[in-house]
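Novice: model the structure of this input:
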Amino acid sequence: MAFVTASPTLTRLSLAPRLPAARGGRPRHAAAPTRMASSSPPPPPSTREAPTPRLFYVRPDNALKVLGGSLGMAVRGGAGALVAGYKPSMAGGTFSETSSVLPATRPAKPLVVYEFTACPFCRKVREALSMVDVDVVVKPTPKGETTHRGYVTDVGGKAMFPYLEDPNTGWAGYESDAIVKYLYETYADGSVPLTLSLGGLTTLTAGAASALRGMRGSKAEDGRQPPGPELIELWAYEPSPYCKVVSERLCELGLPYLLHTTARGSVKRAQLKELTGRFQVPYLVDPNTGVAMFESASIVDYLNETYGPGGSGVGGGGGDGSGGGGGSDGGTPVAGGPTVVATAVTTAGGATAVTTAVVEDVTPVVPVAVKPEAKDEVLEKLCKETPESDECRVYDS
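Specialist: This next block holds a predicted model:
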């Protein structure tokens, strides 16, 4: 099974050496290669077409994974779904979403973050990146991955995650709270939202969200190297359960990628619609193979076939060979206003038709509480899975 479709022109970022900076922006020596070594190249994709995107569709074998991601989003109160200063408006019958605090000019270069999806401290930083609407090169560091972990240990002195580098300012550092503070002071209005500033409670809920996904993204699998030098690109935003399935698989395979954050209010939502004719996430582009596609479970099928161990399908979407979708997010529901539903694309005889609809009275996501008696179990599982990382620091006062 393989997936082929025309790829739009996007911003490319080669697998160049990492920013040679240490914590506080002090220069260091050049970085190591960007991912784990592999003994075999990926197979070339065959000629089967990419699946037709279907908004909010969940492929049956992907349902439990999307449910777990949805519960995690609820536990975190939807943190990362909206940009900082989110401002919806209706004018002339047109619904728009913008930010009242983010500057019009964004960073010239994407930031670089070393993290893994199961880490609650990393989740805080990913949520903040979505909120301040900056693109970032994600370097996965699940347990068992050696290249990215070794680099962080080399330049920072310890294998602790998340670790962020900003090539625009030279800043680099550990500690999720320090990173979040830096992001808001540098790329927003300096005011860190409550969902990211509740200390232990923030960490507990972020950990619970990972536990609800079975701690996916905590352990590495030996995979295949990309056949070319360019980064995979992913259009997504942190709390989306559909996007979560894809980012977890990229993490487990140790594949670095360029993340275009697309929280509600992001200008990149309009950019993606201009490129593809619709807004729907996740959307993955692999410039090394020429593949560009929507649908979360089908994206995971592609990653498994192209970069997975032995090319066998394991993980987020399974592999039914049908080319059916796996679930994609057209925007997280927000209370108090209509939602613009991205369009369905139909191809017949080479022509593409695009239709748009507006859905009123969307039911908001309701946060759920973590039972007090479950908190210690969550923390115990986190520390057992990744004892060398900073999850266990939640016990510190």
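Novice: helix, strand or coil: sort out Thr169 for me.
Specialist: With DSSP: H, G, I helix; E, B strand; the rest coil as the basis, Thr169 sits in coil.
Novice: burial count for it?
Specialist: When neighbours are counted by other CB atoms under 10 Å, Thr169 registers 14. For the C-beta atoms, the positions are set from N, CA and C on the backbone; glycine is no exception.
Novice: quick check: closest non-adjacent residue to it.
Specialist: Counting by CB to CB, 6 or more residues apart in numbering, Thr169 lies nearest to Thr186, which is 6.7 Å off, once chain neighbours are set aside.
Novice: what separation do you get for that neighbour and Leu102?
Specialist: 12 Å (CB to CB, to the nearest Å).
Novice: likewise for Leu284?
Specialist: 25 Å.
Novice: which one's more surrounded, the two?
Specialist: Using other CB under 10 Å as the criterion, Leu284 and Leu102 rank with Leu284 on top: 26 against 23.
Novice: that one - nearest residue in space that isn't next to it in sequence?
Specialist: Closest to Leu284 by CB to CB, 6+ apart is Ile299, at 4.9 Å.
Novice: my guess is that neighbour meets Val281, correct?
Specialist: No - the pair Ile299 and Val281 fails to qualify as a contact (CB atoms under 8 Å) at a distance of 10.5 Å.
Novice: now stretch 264-283 - C-alpha only, PDB.
Specialist: Provided in PDB are the C-alpha atoms of stretch 264-283 (Å, rounded to 0.1, in the frame of the first residue of the first chain):
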ATOM      1  CA  ARG A 264      -7.700  28.400  15.900                       C
ATOM      2  CA  GLY A 265      -6.900  32.000  15.000                       C
ATOM      3  CA  SER A 266      -3.600  31.100  13.300                       C
ATOM      4  CA  VAL A 267      -2.900  32.800  10.000                       C
ATOM      5  CA  LYS A 268      -1.600  29.500   8.700                       C
ATOM      6  CA  ARG A 269      -5.100  28.100   8.500                       C
ATOM      7  CA  ALA A 270      -5.800  30.400   5.600                       C
ATOM      8  CA  GLN A 271      -2.400  29.500   4.100                       C
ATOM      9  CA  LEU A 272      -3.200  25.800   4.200                       C
ATOM     10  CA  LYS A 273      -6.600  26.400   2.600                       C
ATOM     11  CA  GLU A 274      -4.900  28.400  -0.100                       C
ATOM     12  CA  LEU A 275      -2.400  25.700  -0.800                       C
ATOM     13  CA  THR A 276      -4.800  22.700  -0.800                       C
ATOM     14  CA  GLY A 277      -8.300  24.200  -1.300                       C
ATOM     15  CA  ARG A 278      -9.400  23.300   2.200                       C
ATOM     16  CA  PHE A 279      -8.500  23.600   5.800                       C
ATOM     17  CA  GLN A 280      -8.200  20.200   7.500                       C
ATOM     18  CA  VAL A 281      -5.600  18.800   9.800                       C
ATOM     19  CA  PRO A 282      -3.500  16.700  10.100                       C
ATOM     20  CA  TYR A 283      -1.900  17.300   6.700                       C
END
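Novice: buried sites along it?
Specialist: Within stretch 264-283, the residues scored as buried using 16 or more other CB atoms under 10 Å are 264-266, 268-269, 271-273, 275-283.
Novice: inside strands: which ones of those?
Specialist: Tyr283 (DSSP state E).
Novice: out of the buried residues of stretch 264-283, list just those in helices.
Specialist: Of those, the ones assigned to helices by DSSP state H are 268-269, 271-273, 275-276.
Novice: just for the stretch 151-300 of the chain, where's the confidence low?
Specialist: Judged against pLDDT under 70, the stretch 151-300 of the chain has no low-scoring part.
Novice: what ranges do the helices span in it?
Specialist: With helices called from DSSP state H, counting those that start in this stretch, the stretch 151-300 of the chain shows them at 176-187, 200-212, 241-252, 268-276, 296-307.
Novice: quick one: list the elements packing against the shortest one.
Specialist: Put plainly, it is helix 268-276. strand 257-261 (3 or more CB pairs under 8 Å, 6 or more residues apart in numbering; DSSP states H and E).
Novice: and for the longest one?
Specialist: Taking 3+ CB pairs under 8 Å, 6+ apart as contact, the helices and strands that helix 200-212 lies on are helix 63-75, helix 120-132, helix 372-385.
Novice: quick one: the second one to helix 200-212, angle?
Specialist: Read that as helix 120-132. 100 degrees (axes from the mean of the first three to the mean of the last three CA atoms, to 10 degrees).
Novice: and the angle from helix 120-132 to strand 257-261?
Specialist: Using the same axes, to 10 degrees: helix 120-132 against strand 257-261 is 50 degrees.
Novice: if I look at the residue nearest to Thr169, how far off is Lys143?
Specialist: Note on Thr186: its distance to Lys143, by CB to CB, is 30 Å.
Novice: how close does Phe279 get to Val83?
Specialist: Distance from Phe279 to Val83, by CB to CB: 15 Å.
Novice: who touches both of Thr186 and Leu102?
Specialist: By CB atoms under 8 Å, 6 or more residues apart in numbering, Thr186 and Leu102 have no common neighbours.
Novice: can I get stretch 238-254 in PDB, CA atoms only?
Specialist: What follows is stretch 238-254, C-alpha atoms only, in PDB (Å, rounded to 0.1, in the frame of the first residue of the first chain):
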ATOM      1  CA  GLU A 238      -1.300  20.100  19.800                       C
ATOM      2  CA  PRO A 239      -4.700  19.100  21.400                       C
ATOM      3  CA  SER A 240      -6.400  17.800  18.200                       C
ATOM      4  CA  PRO A 241      -6.900  14.000  18.700                       C
ATOM      5  CA  TYR A 242      -6.500  13.400  15.000                       C
ATOM      6  CA  CYS A 243      -3.200  15.200  14.900                       C
ATOM      7  CA  LYS A 244      -2.100  13.400  18.100                       C
ATOM      8  CA  VAL A 245      -2.200  10.000  16.400                       C
ATOM      9  CA  VAL A 246       0.300  11.200  13.700                       C
ATOM     10  CA  SER A 247       2.700  13.100  16.000                       C
ATOM     11  CA  GLU A 248       2.900  10.000  18.300                       C
ATOM     12  CA  ARG A 249       3.900   7.800  15.400                       C
ATOM     13  CA  LEU A 250       6.500  10.300  14.100                       C
ATOM     14  CA  CYS A 251       8.000  10.400  17.600                       C
ATOM     15  CA  GLU A 252       8.100   6.600  17.900                       C
ATOM     16  CA  LEU A 253       9.900   6.300  14.600                       C
ATOM     17  CA  GLY A 254      12.400   9.000  15.500                       C
END
